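>>> I'd like to go over a predicted model; first the sequence, then the structure.
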Amino acid sequence: MYVRHLTVSDFRSWRSADVALEPGPSVLVGANGQGKTNLVEALGYLATLSSHRVPTDAPLVRSGTERAVIGAAIVAAGRELRVEVEITPGRANRAKLNGSPVPRARDVLGALRLVLFAPEDLAIVRGDPSERRRFLDDLVVARSPRMAGVRADYDRVLKQRSALLKSAGAARRSGGNSDLRTLDVWDGHLAAHGAQLLSARLAALAALRPHAAAAYAQVAPASVELTLQYNTSLTAALPELPEAPVPDPTLLEAVLLSELARVRSAELERGVNLVGPHRDDLDLGLGQLAVRGYASHGESWSTALALRLGSYELLRSDYPDGAEPILILDDVFAELDVNRREQLALVASKAEQSVITAAVASDVPDQLQGARFDVHDGEVRRVR
């Protein structure tokens, strides 16, 4: 798979841009603030319908305009597909495939498959559990685009159930009566969607684990082994869950319902959802020590890099039809030492297409000096 052409309109700093790409490495070179990261962010948005830099869409639309548009021509297995997404903050995004509108923007997920490694990925290692949950969920959707609907449904249930818990809890504390039959219904929805999401996360993690461990050994050969374990709010009910084969969603649904019943009083008292995948975490370890809090700066970078390279190799193995993912490296070579640069360049050089950004061309290893574009003063100009 590769992107033949990228267009953006009113996206971030760009009034408009048209970039013709090709298989192999493409390097976007420009000083900070010239918009090179905005271009690869646009590619990432087409693949995931989210930004790797900000949690909301508002910053993605150029100041003074109402909407942004991203489009790409994607070639996979000898066929070309045109994808377009219109971003309008405060409203549902609209999307097209080959010029025809699709019912929901998420219907374009899967058309573009990519793995993006950026400095922001250190947050997966050092940040809050939500960063690691997002990493896993993005991988889940990349493997199975239909899971985007499950993920959205689960988030909707959480909001509805949280509001109901608050109102029911307040009624109970004031001495009033509260009909909890509606809460029973939302328990069922949470358990059903949560079980699907949890099962998919566990399957993705089981598949990722050997690839991430191998990638870490490659980029940090003198270090101990990288380990990945799933830490779930259901540990008490399924104590072997992180180590066992992936449980059937039906079993997980039953366990979730049981746990929801067990903690109902506490949930009503606190007004929050205490059980479900939204409470879980991905534990990253180096030998017997947790990466978070114990790893050095270099080990943290190696872990983040291993997670992305492991994801890349996993998605390559998931799609033997020739639609291997694109590898995007956003301004990361300047952050890496010589060994990590070489190992990352080795992987990127084998990708069907890699897109690299750098402030100066000398930051990019020689084997990735393919097509080169200078990004300056609102223009993208090919120079090689």
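Received, thanks.
>>> okay, CA-based contacts and neighbour counts for the rest of this
Noted.
>>> Show me the shaky parts of the chain.
Where the chain drops to pLDDT under 70, the residues are 172-173, 175-179, 236-245, 320-322.
>>> quick one, helices of it?
With helices called from DSSP state H, the chain shows them at 36-48, 122-126, 129-143, 147-173, 181-219, 249-262, 264-270, 291-294, 297-318, 338-350.
>>> Quick check: which of the ones you listed is buried the most?
helix 36-48 (a mean of 23; mean count of other CA atoms under 10 Å).
>>> how far is it from where the chain is centred?
Put simply, helix 36-48 sits 12 Å off its chain's centre (CA atoms, centre = their mean, to the nearest Å).
>>> contact partners of that helix?
By CA atoms under 8 Å, 6 or more residues apart in numbering, the surrounding residues in contact with helix 36-48 are 6, 8, 11-13, 28-30, 50-53, 70-71, 83-85, 109-114, 116, 138, 142, 328, 330-331, 355, 357, 375.
>>> cutoff 6 Å now
With CA atoms under 6 Å, 6 or more residues apart in numbering as the contact definition, helix 36-48 has outside contacts at 51, 112-113.
>>> State the distance from the residue most central in space within the chain to residue 293.
Closest residue to the average C-alpha location of the chain: residue 138 at 3.4 Å, with CA atoms, centre = their mean. As judged by CA to CA, to the nearest Å, residue 138 and residue 293 stand 25 Å apart.
>>> Likewise for residue 133?
Taking CA to CA, one finds residue 133 at 18 Å from residue 293.
>>> Residue 85 now?
Distance of residue 85 to residue 293, given as CA to CA: 39 Å.
>>> same question, residue 125
From residue 125 over to residue 293 (counting by CA to CA), the distance is 10 Å.
>>> Check residue 351 too.
Using CA to CA, residue 351 is found at 33 Å from residue 293.
>>> Ok, residue 353 next?
35 Å.
>>> ditto for residue 265
Taking CA to CA, one finds residue 265 at 34 Å from residue 293.
>>> Could you do residue 312 as well?
Counting by CA to CA, the gap from residue 312 to residue 293 is 26 Å.
>>> Which of the helices of the chain sits closest to residue 78?
Residue 78 lies closest, by CA to CA, to one member of the helices of the chain: helix 297-318, at 17.2 Å.
>>> Could you tell me the angle between the closest one and helix 129-143?
Angle, helix 297-318 to helix 129-143, by axes from the mean of the first three to the mean of the last three CA atoms, to 10 degrees: 20 degrees.
>>> what angle separates helix 297-318 from helix 181-219?
Angular relation of helix 297-318 and helix 181-219 on a 0 to 180 degree scale: 110 degrees, by the same axes, to 10 degrees.
>>> Around the residue nearest to residue 349 when sequence neighbours are not counted, how many other residues sit close by?
Of all residues not flanking residue 349 in the chain, residue 368 sits nearest, at 6.1 Å (CA to CA, 6 or more residues apart in numbering). Neighbourhood size, residue 368 [other CA atoms under 10 Å]: 20.
>>> next one: residue 287
12.
>>> if I pick it, what's in contact with it?
Shown in contact with residue 287 (CA under 6 Å, 6+ apart): 224-225.
>>> Angles on the backbone of it, please.
Main-chain torsions, residue 287, degrees, to the nearest 10: phi 60, psi -120.
>>> any idea how far residue 121 is from it?
Going from residue 287 to residue 121 by CA to CA gives 21 Å.
>>> what does residue 308 give?
9 Å.
>>> ditto for residue 95
27 Å.
>>> Could you find the closest non-adjacent residue to residue 257?
Residue 257 sits nearest to residue 191 (CA to CA, 6+ apart), 5.8 Å away.
>>> Next one: that neighbour from residue 256, what distance?
In this view, residue 191 and residue 256 are 5 Å apart by CA to CA.
>>> Then residue 48?
Distance, residue 48 to residue 256, by CA to CA: 28 Å.
>>> what do you get for residue 140?
Distance from residue 140 to residue 256, by CA to CA: 20 Å.
>>> Next: residue 100.
41 Å.
>>> now swap in residue 113 and tell me
Computed as CA to CA, the residue 113 to residue 256 distance reads 32 Å.
>>> hang on, the earlier thing: by neighbour count, which of the contacts of helix 36-48 wins?
When neighbours are counted by other CA under 10 Å, residue 112 leads those with 28 neighbours.
>>> How about it: what's its closest non-neighbour residue?
Spatial nearest neighbour of residue 112, excluding adjacent residues (CA to CA, 6+ apart): residue 47 at 5.0 Å.
>>> Of the contacts of helix 36-48, which is the nearest to residue 34?
Of the contacts of helix 36-48, the one sitting nearest to residue 34 (CA to CA) turns out to be residue 51, at 18.1 Å.
>>> who touches that closest one in this structure?
Counting by CA under 6 Å, 6+ apart, residue 51 makes contact with residue 45.
>>> if you set the cut-off to 7 Å instead, what comes out?
41, 44-45 (CA atoms under 7 Å, 6 or more residues apart in numbering).
>>> measure residue 273 to residue 263 for me?
The spacing between residue 273 and residue 263, counted by CA to CA, is 9 Å.
>>> Tell me which of those two has more neighbours.
Set residue 273 next to residue 263 and count neighbours by other CA under 10 Å: residue 273 wins out with 21 against 13.
>>> and that one, what is it in contact with?
Neighbour list for residue 273: 162, 267 [criterion: CA under 7 Å, 6+ apart].
>>> Lovely, talk soon.
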